[in-house]
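Engineer: sequence first, predicted coordinates after that:
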Amino acid sequence: MRIPVPWLAATLVFAATETHHAAAFHNPFGKWPRPEGPGDQRIHEVLNAEARHLASLSLAEIQSLEDWERRKASYRTQLFEMLGLDPQPPKTALHATVTGKLEESDFIVEKFHFQSLPGLYVTANLYLPRPTDQPVPAILYVCGHSVVKTNGVSFGNKVGYQHHGVGFARNGYACLVLDTVQLGEIEGIHHGTYREGMWWWNSRGYTSAGAEAWNCIRALDYLESRPEVDARRIGVTGRSGGGAYSWWISALDDRIRAACPVAGMTDLENHVVDGTVEGHCDCMFHVNTYRWDFDRVAALVAPRPLLIGNTDKDTIFPLDGVVRIHERVRRIYDLHRATDRLGLLITEGPHKDNQDLQVPVLRWFNRFLKHRAPVVKDVGEPLFTGQQLKVLDRIPSDEITSRSYEHFPRLAPETTTSSHESLVDTLRHKTFGGWPEDSTPPQARLLQQSAHTSLGLELSVYEFVSQPGLPLRLYRLLPTQSRVDNVVVEIADSELWNHRMAAMGSNFPRACEEELKWFPTPTTATTNLANLASTLRQSNSALMLLAPRGVGMTALASDARFITQTRRRFMLVGQTLAGMQVWDVRRGLQAIQALADTRGLPVTLAAPSAMTEVACFAIALGARAERVELAHAPRQDKEAPDFLNWSRWVTPARLLDLARAKSTVTLDHSKR
């Protein structure tokens, strides 16, 4: 199923002085690929194939309960890591502070905040039924994307979801309604890669989903400290973004005894192939180092009671993906002989909060936390203004909530005792684990060949298959009247490729006929190859231009949003665009070194600025080149392309050392 992806959320009405709206999303492209670049269709077909391949593998290794029990702990460790929480931050003092109370006849609301890390303030409301003579079951309610502001002052998304707190309290539960990092009273960031250009989040293994998961863990610590709460009977629920956070905390923490995620998860097929990723910010996703489909997250809840809730016309959590997750997870519950603890709740409607969902959720918690089934008479209603539920009078001067992304990642130290071999092995599995398994050297196929007599140059255009479905091109300039003793391989970025194509297209139009359909040679282009021909003759060199994916004939259209959402798809299948370019360079060098007339010749790998790190990683991870020429040293992760998790394991200086351990590396700043 292919669908358009509008971004919808619950719309509630509050006091006229307040504004309340959902985080807006509009997909201007419809079915994808949309914008026409030469590589759009091909790259997306490869990504689609990756998503479907991962779906076919998901949980396939689990054939018995013993299989599951043997692997469950490692799966949970992997999830902590993919959320940026391995090692976990220290559990420092919460400094929980109640700033006010609201009293109704049948419940009380405490307004309070705690610090999940020193300075990471979490604002919340705790709804307590009255009277509470005995400890009562508790619900952690995690909020979705809802903005409640007045004159630019945020009251927190807890205001938008207050009716759930009211409903649970009136039905005999303590209910902690938790603000999120982005939409709380202190406004942080969820959309690092989505709209802020913070691709280094991938490089550091950071996701805002991890911050939300950690806040949930600490919220459970707080609930356990309350005398009104029976810590043996804690459940979690939430919808949309809150549905996602319900999944994270349920999978990570066994203190959750029953869970009801609502409209918070679908599978890779929906996200990558159907495009629902475009309707979600980063808090919905782990950094997919271990290449999971989402049913593996859901399976970690087993055999605890799990009710999966959704509506049948939800366009960002489509019904088919939700049903697929339920079917796969049901097999794990079957192994536990606990299918009575797994439920699927589907009601009619779009992506919207409604009573049809709320009543069964309450019944589920009554069944598994109260162990009885009283009639649900009240599901709650919004009673309070944002100002009434506001926790903070002012933003604390020591807060780090607004920049929490700087405080979760654990970065590689400047000095380490780890050996080169150990680091390379770690990078291979933690950064480049999404590489194809096939390592058979590719063969380059000649597409076009043309000679230019007056220049004394021959251009040959080759194609090799980097991975199934993705042919890439090589362009070889060979001096025709001198011997060739070595090969210079340039890794093309877009600027270098355009520069070389302007020259080659003008002088070898027939050999570059297909390229020129996409990239017409500008009249102002540099078209004189005479100097290059002279240099090649004097140095007895052949020049090879290697265009990795995303460059040249696999370039994406120059639409910023389209490129952003394509790059996010890479992360969802456990890759990055730059990380796969490293694979392409390795494969391209193998193809070049197998060509008959240059086989066995020494190779110099030359990288422009944008490809510095790609070249270093390629050499460090086994590509063969006797010499590497870099425009400059590797950069810090905020300036470099994104490679999954690399900043956790190596610094830029150590990356350069890894490359130098395999080849002679020189820095030529004149080639910036």
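Structural biologist: Cool, got the structure. As the structure is a prediction and not an experimental result, all values here were calculated from the model.

Engineer: OK, contacts around Val391?
Structural biologist: Val391 makes contact with Thr99, Gly100, Lys111, Phe112, His113, Thr123, Ala124, Asn125, Gly156, Glu185 under the criterion CB atoms under 8 Å, 6 or more residues apart in numbering. The C-beta positions use only the backbone N, C-alpha and C, and glycine is treated the same way.

Engineer: tell me the phi and psi of Pro367?
Structural biologist: Just to correct that, residue 367 is Arg rather than Pro. Per-residue torsions, Arg367: phi -70, psi -40 (degrees, to the nearest 10).

Engineer: give the contact list for it.
Structural biologist: Per CB under 8 Å, 6+ apart, neighbours of Arg367: Pro305, Ala373.

Engineer: gap between it and Val359?
Structural biologist: Arg367 is 13 Å from Val359, where distance means CB to CB, to the nearest Å.

Engineer: now do the SS call for the closest residue in space to Ser402 that isn't next to it in sequence.
Structural biologist: Leaving aside its chain neighbours, Ser402 sits nearest to Gly188 (5.1 Å; criterion: CB to CB, 6 or more residues apart in numbering). Gly188 falls in the coil class when you classify it by DSSP: H, G, I helix; E, B strand; the rest coil.

Engineer: give me every residue that touches Gly188.
Structural biologist: Applying CB under 8 Å, 6+ apart, the residues contacting Gly188 are Val181, Gln182, Ser208, Ala211, Thr401, Ser402, Arg403, Ser404, Tyr405.

Engineer: rerun that using 10 Å as the cut-off
Structural biologist: 120, 180-182, 208, 211, 399-405 (CB atoms under 10 Å, 6 or more residues apart in numbering).

Engineer: ranking helices and strands of this structure by mean pLDDT, which lands last?
Structural biologist: strand 19-21 (a mean of 37; mean pLDDT, DSSP states H and E).

Engineer: circling back to that earlier point, mark which of the contacts of Gly188 are buried, thanks.
Structural biologist: For the contacts of Gly188, a burial check counting by 16 or more other CB atoms under 10 Å picks out Leu120, Thr180, Val181, Gln182, Ser208, Ala211, Glu399, Ile400, Thr401, Ser402, Ser404, Tyr405.

Engineer: now these as a markdown table including distance to Asn151, pLDDT and secondary structure?
Structural biologist: Shown next, in a markdown table, are those (distance: CB to CB, whole Å; pLDDT from 0 to 100; DSSP: H, G, I helix; E, B strand; the rest coil):
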| residue | distance to Asn151 | pLDDT | secondary structure |
| --- | --- | --- | --- |
| Leu120 | 26 | 98 | strand |
| Thr180 | 21 | 98 | coil |
| Val181 | 22 | 97 | coil |
| Gln182 | 19 | 94 | coil |
| Ser208 | 26 | 98 | helix |
| Ala211 | 27 | 98 | helix |
| Glu399 | 20 | 98 | coil |
| Ile400 | 25 | 98 | coil |
| Thr401 | 20 | 97 | helix |
| Ser402 | 19 | 97 | helix |
| Ser404 | 25 | 96 | helix |
| Tyr405 | 27 | 96 | helix |
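
Engineer: and those as JSON lines, adding distance to Asp642?
Structural biologist: Shown next, in JSON lines, are these (distance: CB to CB, whole Å):
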{"residue": "Leu120", "distance to Asp642": "24"}
{"residue": "Thr180", "distance to Asp642": "24"}
{"residue": "Val181", "distance to Asp642": "21"}
{"residue": "Gln182", "distance to Asp642": "21"}
{"residue": "Ser208", "distance to Asp642": "16"}
{"residue": "Ala211", "distance to Asp642": "19"}
{"residue": "Glu399", "distance to Asp642": "27"}
{"residue": "Ile400", "distance to Asp642": "23"}
{"residue": "Thr401", "distance to Asp642": "24"}
{"residue": "Ser402", "distance to Asp642": "22"}
{"residue": "Ser404", "distance to Asp642": "19"}
{"residue": "Tyr405", "distance to Asp642": "14"}
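
Engineer: all strands for the stretch 501-650 of the chain, in order.
Structural biologist: 541-547, 603-607, 627-630 (DSSP state E, counting those that start in this stretch).

Engineer: now the ones you listed as CSV including mean pLDDT, mean neighbour count and distance to Arg445?
Structural biologist: Formatted as CSV, these follow (pLDDT from 0 to 100; neighbours: other CB atoms under 10 Å; distance: least, CB to CB, whole Å):
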stretch, mean pLDDT, mean neighbour count, distance to Arg445
strand 541-547, 97, 25, 15
strand 603-607, 97, 24, 20
strand 627-630, 97, 21, 27
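
Engineer: how about those strands in a markdown table, adding distance to Gly84?
Structural biologist: Formatted as a markdown table, those follow (distance: least, CB to CB, whole Å):
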| stretch | distance to Gly84 |
| --- | --- |
| strand 541-547 | 34 |
| strand 603-607 | 30 |
| strand 627-630 | 30 |
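
Engineer: tell me which of these sits nearest to Ser58.
Structural biologist: Across these, Ser58 has its closest neighbour in strand 541-547 (33.4 Å, CB to CB).
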